[in-house]
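Q: Build the 3D model from these lines:
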Amino acid sequence: AGCAQYMRLCQPLKRAQVAGWHSRKAGFSLYPTIKRALVAYTLSKEGRAVRLSLLGSTGSIGTQALEVIRGLNQDGGFPVEVEVLAARSNVELLERQAREFRPKAVAVFDLAAAKDLRVRTRDLDMVVLEGMEGLCQAAAWETVDTTLNAVVGMVGLQPTMAAVRAKKRLALANKETLVAGGSLVRGAAREMGVEVLPVDSEHSAIFQCLQGSPGDRAVKRLILTASGGPFFGWGREKLAAVTPEQALCHPNWDMGAKITIDCATMMNKGLEVIEAAWLFHMPVERIGVVVHRESVVHSMVEFADNAVVAQMGTPDMRVPIQYALAYPRRLPSPAGALDLPALGQLTFYEPDRKAFPCLDVCIDAFKRGGLAPAAANGANEVAVQLFLEKKISFLEIPQLVSAAAQAQPALEPTTVEDVLEADRAARQRVKGLL
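A: As a prediction, the model looks like this:
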């Protein structure tokens, strides 16, 4: 019955493909994406659980993903089986998660932490994997159909490629994967017929706004929204004295330290412009950024007729996480409902590119092409850590990132190792500039 339903559902898709819904130049093929979504929908209607590998389970996105999964499993309408968990080194939390969700395997990036976890969980029937090899095994685990990559930083690139090569449905919250290795990931996803579902709130918003769009030519531009972070309206003189404690106080979102600093510098928005360019095959000249202090409009799409579709909701990452896990279904969410009258007003501003140059540093790196975005990303990771350690000032972050990106030869990556080498070189340049 399920197969018959699937075949009936696919008939209009075949007609749509002939009519031009399938865009070869877009990199991520729309036809297999929708087809797999319908498969997921049909299987979920039959009661079969989504089998998930969750990378970065102890981080901000990972813990919220598990909260979403608890709700979905409690409701029973869309069960999710956590087959694999992975984290860097937080053994105590990872052990609690393993005892609750009983995965078949757990991967720990830190070798000493992996050894500790083996001792702690010797009574559990599960495999403990370790290192980068373990993360890649976790991403491509045989019984998994969906991999949610929520690790932070460049460490996420190789597991992403492993998941794509294993033809896993990829829910992507690790933006560095596309910033640094976008051409490789896009090429592999196209070759393997893998769908990539965005988890970042802005890219999920754009993805949602594009549902029902008649095709690429209908889209005029994408508009990413930015909260402005904790220093909206501040000039460079005031920013020179910013402390890590101040930068970690985001006005709207609850996130990890690295991404919170990236929001404060607007580096995060620059990385998201690059990510959007790869995800939606859009020139950066057609990707706009506006500061939206309320964080209610998560992003927008402007169409050829100048109509603008916006995705709105309370600032709660559980919404895009659940949308990626359950796509294309809309299910009850733990997030609160949006109360527009209580909100009162929505405001929008142009970003201050002089005070927050990281936005343009990223865009310039993408325009240079090749490995320049990988260098910018690697340099930023080191610079943010140095700032958190109070070894550099807030305004030195964009200076170091720009210098590293400009020093990177504009060579196109052909392998993952090319990207990793550019990343390593950029990190060394930052340390050498101090």
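
Q: Please make it C-alpha for all contacts and neighbour counts, starting now.
A: Noted.

Q: in which helix or strand would I find the residue nearest to residue 366 when sequence neighbours are not counted?
A: Computed as CA to CA, 6 or more residues apart in numbering, the closest residue to residue 366 that is not its neighbour in sequence is residue 373, at 5.6 Å. In this structure, residue 373 sits in helix 372-388 according to DSSP states H and E.

Q: which helices and strands does that helix pack with?
A: Other helices and strands packing on helix 372-388, by 3 or more CA pairs under 8 Å, 6 or more residues apart in numbering; DSSP states H and E, are helix 176-192, helix 257-265, helix 358-368, helix 396-407, helix 416-433.

Q: go with 6 Å
A: Other helices and strands packing on helix 372-388, by 3 or more CA pairs under 6 Å, 6 or more residues apart in numbering; DSSP states H and E, are helix 358-368, helix 396-407, helix 416-433.

Q: so which of these gets nearest residue 224?
A: Judged by CA to CA, the one of the helices and strands packed on helix 372-388 that comes nearest to residue 224 is helix 358-368, at 12.0 Å.

Q: Could you name the helices and strands sitting against that closest one?
A: With contacts defined as 3+ CA pairs under 6 Å, 6+ apart, helix 358-368 has these neighbours: helix 267-280, helix 372-388.

Q: change it to 7 Å
A: For helix 358-368, the elements it packs on are helix 267-280, helix 372-388, helix 396-407, judged by 3 or more CA pairs under 7 Å, 6 or more residues apart in numbering; DSSP states H and E.

Q: which SS class is residue 345?
A: Recorded secondary structure, residue 345: coil (DSSP: H, G, I helix; E, B strand; the rest coil).

Q: Next, count neighbours for it.
A: Residue neighbour count, defined by other CA atoms under 10 Å, stands at 8 for residue 345.

Q: which ones are touching the residue most central in space within the chain?
A: For the chain, the residue lying nearest the average C-alpha position, counting by CA atoms, centre = their mean, turns out to be residue 173 (2.3 Å). Residues touching residue 173, when contacts are defined by CA atoms under 7 Å, 6 or more residues apart in numbering, comprise 149-150, 198-200.

Q: right, and residue 422 touches residue 374 too?
A: Yes: the pair residue 422 / residue 374 is scored as a contact, 6.3 Å apart, by CA atoms under 7 Å.

Q: Which residue of those two possesses the greater neighbour count?
A: When residue 422 and residue 374 are compared on other CA under 10 Å, the one with more neighbours turns out to be residue 374, at 35 against 27.

Q: Look up the closest residue to that one, ignoring the ones flanking it.
A: Distance criterion CA to CA, 6+ apart; nearest residue to residue 374, sequence neighbours excluded, is residue 180 at 3.9 Å.

Q: Can you check what pLDDT the model gives that neighbour?
A: According to the predicted model, the pLDDT of residue 180 comes to 95.

Q: try residue 18
A: Here the pLDDT value assigned to residue 18 is 38.

Q: just residue 48 next, same as before
A: The per-residue pLDDT reported for residue 48 equals 71.

Q: got a list of contacts for stretch 56-71?
A: Against stretch 56-71 from outside (CA under 7 Å, 6+ apart): 80, 85-87, 90, 93-94, 149-151, 255-256, 318, 321-322.

Q: Are any of those residues buried, and if so which?
A: Burial of the contacts of stretch 56-71 was assessed by neighbour count (16 or more other CA atoms under 10 Å); the buried members are 80, 85-87, 90, 94, 149-151, 255, 318, 321-322.

Q: picking up where we left off before, between the helix holding residue 373 and helix 267-280, how big is the angle?
A: An angle of 150 degrees separates the directions of helix 372-388 and helix 267-280 when computed by axes from the mean of the first three to the mean of the last three CA atoms, to 10 degrees.

Q: so helix 372-388 versus helix 416-433, what angle?
A: Relative orientation of helix 372-388 with respect to helix 416-433: 40 degrees, computed using the same axes, to 10 degrees.

Q: Relative to the whole chain's centre, how far out is helix 372-388?
A: Mean-position distance between helix 372-388 and its chain equals 17 Å (CA atoms, centre = their mean, to the nearest Å).

Q: before we move on, what about stretch 364-376?
A: Once both centres are worked out by CA atoms, centre = their mean, stretch 364-376 turns out to sit 19 Å from its chain's centre.

Q: gap between the two ends of it?
A: The straight-line separation of the ends of stretch 364-376 (CA to CA, to the nearest Å) is 10 Å.

Q: Show me what counts as buried in that stretch.
A: Within stretch 364-376, the residues that qualify as buried by neighbour count (16+ other CA under 10 Å) are 364-366, 368-376.

Q: again with stretch 341-351
A: Counting neighbours by 16+ other CA under 10 Å, one finds that the buried residues in stretch 341-351 are residue 351.

Q: any idea of the mean pLDDT for it?
A: In this model, stretch 341-351 carries a mean pLDDT of 95.

Q: same deal with stretch 233-244?
A: Averaged across stretch 233-244, the pLDDT comes to 95.

Q: ok and the helix holding residue 373 relative to helix 396-407, angle-wise?
A: Using the same axes, to 10 degrees, the interaxial angle of helix 372-388 with respect to helix 396-407 works out to 150 degrees.

Q: and the gap between residue 72 and residue 401?
A: Counting by CA to CA, the gap between residue 72 and residue 401 amounts to 41 Å.
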